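Novice: Here's my sequence, what's the structure:
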Amino acid sequence: MRPTTGQYPATRFRRLRKSDGLRRLAQENTLSVNDLIWPLFVRDGVNMREPVASMSGVERLSVDLIVQAAEQAAALGIPAICLFPYTDPAKRTEDCAEAWSADNLANTAIRAIKAAVPDMMVMTDVALDPYNINGHDGLVRDGIILNDETIEALVKMSLAQAEAGADILGPSDMMDGRIGAMRQALEMSGYKDVAILSYAAKYASAFYGPFRDAVGAGSRLVGDKKTYQMNPANSDEAMRLIERDLTEGADMVMVKPGMPYLDICRRAKETFGAPTYAYQVSGEYAMIMAAAQNGWIDGDAAMLESLMAFRRAGCDGVLTYFAPRVAAMLQNQP
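Specialist: Reported below is the predicted structural model:
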């Protein structure tokens, strides 16, 4: 039973807001560097930085600079980074075979990071859109995104990433049954300790545009992704998807996008109690950055407030492009 709130003036809520010390003592949620995963975009070349026009401050980095970013993350105390490749257009094909090449950009970057910063947790993206000439997360035949055939490709992709040294696999494709297939293949191939952070509730959202630019999939996308990503109107379906993925062997689950779906984050954490994450996606990041650069909002304050919202909603962590910036700020706090 909830305690009864006293009446004014005996109860004055402002008493605990009077000073910084009192506010800190009464604070219900905290934000820590341990709550951060930093998404990074990797491209080919050496000593190459390529700004992403729609994501101010975000760059595609060649593998050598990705290693430097991993070293920066380690110095800031960020526990994990997540890699997304910008694949050479010549290597994007109908069969997406580059996705499971041992020497593709993602796998090359994994090996380089683990050699230089072995304790840095490396998360990967498991989906075909960076390798697909059609821009879709799955194989396409006659305009239809294939489910079961895509799973076979995702399993090969997962095993290649595990062999390269990935610590966490992040299947973001939303194909039915892929978690069970991946988990079985990992177990049978000796990668039993590789974790799966499933994009269990990934919505067909308007907030992904800048990300698609960053990985070079936006201009290639034929049609939309509504036949496999979730309807933004649905909430109960998200719970069913999360339950299925946990049952099939996911260790952690994710809600994507983030702030427009805080209700899903809260329901997921309260319902299942599993490690629950959100992705503060490219569109969310771009809106905060654009508003701050125009002087319409305080960028640092909005960044911290947005990330605290995820913690308040029950998230154990957040994938955010703000990770190094907020980690540096948190290091300087008393």
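Novice: Could you give me the buried positions within stretch 73-86?
Specialist: Within stretch 73-86, the residues that qualify as buried are 73-74, 76, 78-86, counting by 16 or more other CB atoms under 10 Å. C-beta here means a position set from N, CA and C on the backbone, and glycine is covered the same way.
Novice: Would you format those as TSV with secondary structure and distance to R312 included?
Specialist: Below are the buried residues of stretch 73-86 laid out as TSV (DSSP: H, G, I helix; E, B strand; the rest coil; distance: CB to CB, whole Å):
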residue	secondary structure	distance to R312
A73	helix	25
A74	helix	28
L76	helix	23
I78	coil	21
P79	coil	21
A80	strand	22
I81	strand	25
C82	strand	23
L83	strand	29
F84	strand	27
P85	strand	33
Y86	coil	34
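Novice: Name the nearest of these relative to P130.
Specialist: Lowest distance from P130 to the buried residues of stretch 73-86 (CB to CB) belongs to P85, with 5.0 Å.
Novice: separation between the nearest residue to the closest one once chain neighbours are set aside and I81?
Specialist: Closest residue to P85 apart from its sequence neighbours, by CB to CB, 6 or more residues apart in numbering: L105 at 4.0 Å. Applying CB to CB, to the nearest Å, the value for L105 to I81 is 14 Å.
Novice: What of Q280?
Specialist: Using CB to CB, Q280 is found at 15 Å from I81.
Novice: same deal with M123?
Specialist: The gap separating M123 from I81 is 7 Å, by CB to CB.
Novice: Repeat that for D298.
Specialist: In terms of CB to CB, D298 sits 27 Å off from I81.
Novice: and if you look at I113?
Specialist: Using CB to CB, we find I113 at a distance of 7 Å from I81.
Novice: what is in contact with the two at once?
Specialist: Residues touching both I113 and I81 (CB atoms under 8 Å, 6 or more residues apart in numbering): 70, 120, 122.
Novice: need those residues in TSV with neighbour count and pLDDT, can you?
Specialist: TSV is the format used below for these (neighbours: other CB atoms under 10 Å; pLDDT from 0 to 100):
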residue	neighbour count	pLDDT
A70	24	98
M120	19	98
V122	24	98
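Novice: Distance from the chain centre to the worst-scoring helix or strand of the chain on mean pLDDT, please.
Specialist: Least confident helix or strand, the chain: helix 209-215 with a mean of 81, by mean pLDDT, DSSP states H and E. Distance, stretch centre to chain centre, for helix 209-215: 14 Å (CA atoms, centre = their mean, to the nearest Å).
Novice: Would you mark the buried spots in the helix or strand following that helix?
Specialist: Downstream of helix 209-215, the first helix or strand assigned by DSSP states H and E is helix 236-248. For helix 236-248, the neighbour count (16+ other CB under 10 Å) marks 238-239, 241-246, 248 as buried.
Novice: Looking at those, which is nearest G258?
Specialist: So of those, ranked by how close each gets to G258 (CB to CB), first place is A238, at 13.5 Å.
Novice: And that closest one, how far from Y261?
Specialist: When distance is defined by CB to CB, A238 is 8 Å away from Y261.
Novice: what residues are shared contacts of the two?
Specialist: Common neighbours of A238 and Y261, using CB under 8 Å, 6+ apart, are 201, 255.
Novice: Would you format the buried residues of helix 236-248 as JSON lines with distance to N132 and pLDDT included?
Specialist: Shown next, in JSON lines, are the buried residues of helix 236-248 (distance: CB to CB, whole Å; pLDDT from 0 to 100):
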{"residue": "A238", "distance to N132": "25", "pLDDT": "98"}
{"residue": "M239", "distance to N132": "30", "pLDDT": "98"}
{"residue": "L241", "distance to N132": "23", "pLDDT": "98"}
{"residue": "I242", "distance to N132": "26", "pLDDT": "98"}
{"residue": "E243", "distance to N132": "29", "pLDDT": "98"}
{"residue": "R244", "distance to N132": "25", "pLDDT": "98"}
{"residue": "D245", "distance to N132": "23", "pLDDT": "98"}
{"residue": "L246", "distance to N132": "28", "pLDDT": "98"}
{"residue": "E248", "distance to N132": "24", "pLDDT": "98"}
